[in-house]
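>>> Sharing a model prediction with you, sequence too.
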Amino acid sequence: MVQHVLTNKDQFPTNDVIFSHIGKSKIFWDSLFTHIHANYPDFEEQWRFYNDGKCWLFKMMRKSKTIFWLSVLGGSFKITFYFGDKAEQALMESAISKELKNQFKNGKRYNKIRGITLSINGKKDIDDVMSLIRVKISTR
């Protein structure tokens, strides 16, 4: 299991710190954030240290709505989206991979929401993130 690496509460996750951990995945980080900043200028970014998980997590938001959560791992990073049941049809009709659709359909429910988590390791993962962002902002 890949471990979270941003576990020092006193070390804010600057780009230098993040890039020292994600290594070759920096190209995917840059691609993702370049796209988001160009297409969603109203998105807000927030890093916060969570004592329950003992690590820093990143939250992407639009107004008060959380778009996704991001965590940094050794050599990579992962992104998690949470969707309510109302998003199921849009997710099933989206361009995301069959594996991600199955992850949602068969995922553990947290009250009325289920998560989709992607480890970012290639361009297809970035494409899936972009599709998930579109579904997230188009559904309540």
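On my side now, so go ahead.

>>> alpha carbons only for contacts and neighbour counts from here, please
OK.

>>> As a check, name the ranges of all helices in this protein.
Per DSSP state H, the chain carries helices over the ranges 15-22, 26-39, 88-93, 98-105, 123-138.

>>> just how off-centre is the fourth one within its chain?
For helix 98-105, the distance between its averaged C-alpha position and the chain's averaged C-alpha position is 16 Å (C-alpha atoms, centre = their mean, to the nearest Å).

>>> Going forward, count from 63.
Happy to do that; since the first residue is 63 now, the last one works out to helix 160-167.

>>> angle of that helix against helix 185-200?
Orientation note: helix 160-167 sits at an angle of 40 degrees relative to helix 185-200 (axes from the mean of the first three to the mean of the last three C-alpha atoms, to 10 degrees).

>>> Return the list of helices and strands in contact with helix 160-167.
Under the contact criterion of 3 or more C-alpha pairs under 8 Å, 6 or more residues apart in numbering; DSSP states H and E, the helices and strands touching helix 160-167 comprise helix 150-155, strand 175-182.

>>> Within its sheet, name the partner strands of the lowest-mean-pLDDT helix or strand in the chain and how each one runs.
Taking all helices and strands of the chain together, the one with the lowest average confidence (mean pLDDT, DSSP states H and E) is strand 171-172, at a mean of 91. The pairing partners recorded for strand 171-172 under DSSP bridges are strand 175-182 (antiparallel).

>>> Check what contacts the partner strand and list those residues.
By C-alpha atoms under 8 Å, 6 or more residues apart in numbering, the list of residues contacting strand 175-182 from outside reads 87, 90, 138-147, 162, 165-166, 169-171, 187-188.

>>> do that again at 6 Å, thanks
Surrounding strand 175-182, the residues in contact under the criterion C-alpha atoms under 6 Å, 6 or more residues apart in numbering are Phe139, Lys140, Ile141, Thr142, Phe143, Tyr144, Phe145, Gly146, Phe166, Gly169.

>>> re earlier: quick one, which of the helices and strands packed on helix 160-167 is nearest to Glu107?
strand 175-182 (18.4 Å; C-alpha to C-alpha).
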